[in-house]
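# Fold the following, please.
(one chain, ligands or ions: 1)
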Amino acid sequence: MARYAQEDVTAAEVARQKALYGPLTQSIRELVDAAIRTEVDDDTVRAAQAEIEAVTARLRARQLEGSYGVRFTPSGGSRAWGNAVVGTRNAVAPPLVIHHEESGRAWSDFDLGAAYEGPPGLVHGGVAALVLDQMLGEAAGAGGKPGMTGTLTLRYRRATPLGPLRAEAHIDRVEGIKTYAVGHLADAEGVTVEAEGVFILPRWARERLEESGFPSRFE
Ligand SMILES: CCCCCCCC(=O)SCCNC(=O)CCNC(=O)[C@H](O)C(C)(C)COP(=O)(O)OP(=O)(O)OC[C@H]1O[C@@H](n2cnc3c(N)ncnc32)[C@H](O)[C@@H]1OP(=O)(O)O
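Residues are numbered from 1 along each chain as shown. This is a model prediction of the structure:
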């Protein structure tokens, strides 16, 4: 069962796993792009399918029971390697490498290819929401006010082209357990999508913090 978990793992072991799984995941991303854009003949497609199924069976030989979860390391870091936006082991993730400031700011330069298409040549609106949800959430977390997305509001000002993009977000204001963050997605010509959201520390997390003696940290 996936969860937040404290892991007893060394930094060297985390680095070893990152060096192992990062390239595997990148290869799968390239496979997805290749499958969308290939124009090879039918027999080659069928042969490729058989090879992919064989590789999938090898990886399935030993699996986690559920999803990856979020794992905290002894050094205070966390691994969200299954995350749909930033996950080191998730080929669905573009992935975004997100930079943070403790003031509650986050930004990322990244590239969205054929796998993220909605209208022809343009980023799917749901993908823009996916990216901005994560960015606003990361800004809230960077500022020490993490939470679950309560409400996310988007304004699609103009279409976002596939290709190189930048996303930015920052904390706008904090009201008790609610952190309001704003941000945008932009291409080289400027902003394409604006976002605002409220991130709320869930009741179960508030109760756990109160039990552990840190009741005021998020107030
Ligand atoms: C670093 C990692 C970044 C990750 C970024 C990605 C973030 C995500 O994708 S999170 C996944 C998507 N979000 C979810 O699934 C959230 C599902 N909803 C929930 O878990 C809960 O409804 C949650 C946490 C939003 C609020 O639950 P809970 O803490 O029990 O709320 P509750 O105690 O009733 O209300 C607390 C306050 O929040 C307000 N509130 C509750 N729900 C919402 C909401 N959906 N929108 C806005 N305000 C809300 C209430 O009105 C109340 O306000 P006030 O104190 O002023 O009266």
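
# what does the longest strand seen in the chain contact?
Looking across the chain with DSSP state E, the single longest strand is strand 163-175. Applying CB atoms under 8 Å, 6 or more residues apart in numbering, the set of residues contacting strand 163-175 from outside is 96, 103-112, 123, 131-132, 135-136, 138-140, 143, 145, 179-188, 195-196. Yep, even glycine has a C-beta here, placed from its N, CA and C like the rest.

# Grab the nearest non-local neighbour of the residue in the chain that the ligand sits nearest to.
Nearest residue of the chain to the ligand, counting by CB to the nearest ligand atom: Gly137, 2.5 Å away. Nearest residue to Gly137, sequence neighbours excluded (CB to CB, 6 or more residues apart in numbering): Phe199, at 5.9 Å.

# so the strand or helix carrying that neighbour versus strand 163-175, what angle?
Assessed by DSSP states H and E, Phe199 sits inside strand 190-200. Here strand 190-200 points in a direction 40 degrees away from that of strand 163-175 (axes from the mean of the first three to the mean of the last three CA atoms, to 10 degrees).

# ok, back up a step: pull out the buried residues from whatever helix or strand comes next after the longest strand of the chain.
Following strand 163-175 in sequence order, the next helix or strand is strand 178-187 (DSSP H and E). Applying a neighbour-count criterion of 16 or more other CB atoms under 10 Å, one finds Lys178, Thr179, Tyr180, Ala181, Val182, Gly183, His184, Leu185, Ala186, Asp187 buried in strand 178-187.

# wouldn't the fourth one be in contact with Gly197 here?
Yes - when contacts are counted by CB atoms under 8 Å, Ala181 is listed as touching Gly197 (5.6 Å).

# Common neighbours of those two, please.
With CB under 8 Å, 6+ apart as the test, Ala181 and Gly197 both reach Leu136, Gly137.

# Let me see the contact set for the nearest residue to Leu162 once chain neighbours are set aside.
Residue nearest to Leu162 in three dimensions, not counting chain neighbours: Leu112, with 5.4 Å by CB to CB, 6+ apart. Applying CB under 8 Å, 6+ apart, we find Leu112 in contact with Pro94, Val123, Val127, Leu162, Gly163, Leu165.

# Now the most centrally placed residue in the chain: phi and psi?
The residue lying closest to the centre of the chain (CA atoms, centre = their mean) is Val85, at 2.0 Å. Torsion angles at Val85 (phi, psi; degrees, to the nearest 10) stand at phi -110, psi -40.

# Now it. Nearest residue, chain neighbours left out?
In space, Val85 is closest to Gln134, 3.9 Å off (CB to CB, 6+ apart).

# roughly how far apart are that neighbour and Gly163?
The gap separating Gln134 from Gly163 is 19 Å, by CB to CB, to the nearest Å.

# and these two? which has more neighbours close in?
Neighbours were counted for Gln134 and for Gly163 using other CB atoms under 10 Å; Gln134 has more, 24 against 12.

# Check the secondary structure at the closest residue to Thr10 other than its chain neighbours for me.
With sequence-adjacent residues excluded and distances taken as CB to CB, 6+ apart, Thr10 is closest to Pro74, at 7.9 Å. The three-state assignment at Pro74 reads coil, by DSSP: H, G, I helix; E, B strand; the rest coil.
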